[in-house]
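Novice: Compute the structure for the input listed below.
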Amino acid sequence: MGFENAEDRWRHRLGELRNVVRQELVTRQLDRHLPAAPARVLDAGCGQGTQALRMAERGHDVTGVDTSADLLGLLPPGRVTTVRADLSELPALFPPASFDVVLCHGVLMYFADPGPLLTDLARLVRPGGFLSLLVRNGDALAMRPGLAGDWPATRAAFTADAYTNRLGVRARADRRADLTAALAARGLEVTHWYGVRVFTDPAPDATPVPDDLDALIDCEEIAGRTDPYRAVAALTHLIGGRQEA
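Specialist: Predicted coordinates:
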């Protein structure tokens, strides 16, 4: 993974508009699918734990796994069970079908080959549970440079499967059809999918949260579940469920 070298830049941007929109939208989208509390939830690559803490506030039993001691240290003690480990260690940490909900947000893009991680994540989902994946939308890589007027980068992005993100890290992008097939091969059916950041992705770094944030989030939430808008969002959020036995 290449995120480690950009961790400080990530931490300094947590309160900026683009990250706030991402977290608020993912929370709303997850709320449509969460089982009754207390469900067992794993946040794989939890980082600073925004979603992990929100799941805990809803009464769920949440475990967060991340390699960064600094990011895990941002979580209030006692709210979430934290494990400092590499995600390659998941099979050794938890037995199969340990969780009702498995979250993996903004992580897959830093793996050159996401297949082994997808296998490990899917293995942990109980029958009737689901995996929530948030990935860079490979079907819309040309949108960000196009809206910025960078035409050489836009032209290249139409056929690209990787990009340099705003943290300066080279990362992969995933196409929804490819991920849907990959999850199906692991026993998970994509039942719902959403776009995240349709309107606000072009916002410059350091853009503050506006006073009308609620109205903004309402519009982003509608766009994120409505065609054709969701298909051109910067991020794609997939819900992959495992059928009851």
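
Novice: got the residue ranges for the helices in this protein?
Specialist: 7-12, 17-31, 50-57, 69-72, 90-93, 115-123, 143-147, 151-157, 176-184, 213-224 (DSSP state H).

Novice: how distant is the fifth one from the center of its chain?
Specialist: Put plainly, it is helix 90-93. Relative to its chain's centre, helix 90-93 lies at 21 Å (CA atoms, centre = their mean, to the nearest Å).

Novice: So L87 sits against L117, correct?
Specialist: Yes: using CB atoms under 8 Å as the test, L87 is close enough to L117 to be in contact (5.9 Å). No exception for glycine: its C-beta is placed from N, CA and C like everyone else's.

Novice: which residues do these two both contact?
Specialist: Counting by CB atoms under 8 Å, 6 or more residues apart in numbering, the contacts common to L87 and L117 are V107.

Novice: list the helices and strands the top strand by length along the chain packs on?
Specialist: Looking across the chain with DSSP state E, the single longest strand is strand 125-136. Applying 3 or more CB pairs under 8 Å, 6 or more residues apart in numbering; DSSP states H and E, we find strand 125-136 packed against helix 17-31, strand 99-105, helix 176-184, strand 235-241.

Novice: Export those as JSON lines, with columns for mean neighbour count.
Specialist: Formatted as JSON lines, the helices and strands packed on strand 125-136 follow (neighbours: other CB atoms under 10 Å):
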{"stretch": "helix 17-31", "mean neighbour count": "20"}
{"stretch": "strand 99-105", "mean neighbour count": "24"}
{"stretch": "helix 176-184", "mean neighbour count": "16"}
{"stretch": "strand 235-241", "mean neighbour count": "23"}
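
Novice: In TSV, list the helices of the chain along with mean pLDDT and distance to S132.
Specialist: Converted to TSV, the helices of the chain look like this (pLDDT from 0 to 100; distance: least, CB to CB, whole Å):
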stretch	mean pLDDT	distance to S132
helix 7-12	71	20
helix 17-31	96	6
helix 50-57	96	9
helix 69-72	93	19
helix 90-93	98	15
helix 115-123	98	10
helix 143-147	96	23
helix 151-157	96	26
helix 176-184	98	11
helix 213-224	98	14
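
Novice: All set, thanks.
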